[in-house]
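Participant: the amino acid sequence is not available; the structure is as follows:
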């Protein structure tokens with residue numbers, strides 16, 4: 001009986017759709033989440049699948065809640081998985097990134113993280 005239940009569970013896991021595969025999940029950020037860097041001029045967000053920059057937002061704010069990102073996020077030609085976000089000249093301190101991504105297949109994901117700028 002236990003073998004039958006295990007077999008049924010295995011078959012179900014192979015035949016049911018995997019929701020995580022159908023969404024653009026954040027794989028890597030530069031500056032990294034929780035990291036410390038000196039004077040970045042750009043934020044890079046790398047996703048597990050292509051994203052639509054026209055329907056994606058990225059807000060980078062300082063400790064006072066003021067936006068420090070410049071312009072809309074963009075992807076490089078031939079690479080829809082990495083968003084490029086320009087940054088103003090960042091002073092030392094803590095910064096928060098909040099993103100809302102729409103993948104090329106229209107699924108939406110979002111998240112947030114912080115990083116610090118050192119002198």
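Facilitator: Done, it's in. None of these values were measured; they are calculated from a predicted model. Numbers count the residues shown, from 1 in each chain.
Participant: could you list the low-confidence segments of this protein?
Facilitator: By pLDDT under 70, the weakly predicted segments of the chain are 1-22.
Participant: for residue 63, see how far away residue 31 is.
Facilitator: Distance, residue 31 to residue 63, using C-beta to C-beta, to the nearest Å: 15 Å. Using the backbone N, CA and C atoms, a C-beta is placed for each residue, glycine as well.
Participant: ok, the two, which is more surrounded?
Facilitator: Neighbours per residue, other C-beta atoms under 10 Å: of residue 31 and residue 63, the larger number sits with residue 31, 23 against 11.
Participant: ranges for the strands of this protein?
Facilitator: Ranges of strands in the chain, per DSSP state E, are 26-30, 36-37, 42-47, 57-62, 69-76, 79-87, 93-102, 108-117.
Participant: wait, what's in contact with the residue positioned nearest the centre of the chain?
Facilitator: Residue closest to the average C-alpha location in the chain (C-alpha atoms, centre = their mean): residue 26, at 3.5 Å. If a contact means C-beta atoms under 8 Å, 6 or more residues apart in numbering, then residue 26 has 45-48, 99, 101, 109, 111 as its contacts.
Participant: most neighbours among these, which one is it?
Facilitator: Counting neighbours by other C-beta under 10 Å, residue 101 leads the contacts of residue 26 with 26 neighbours.
Participant: many thanks, we can stop here.
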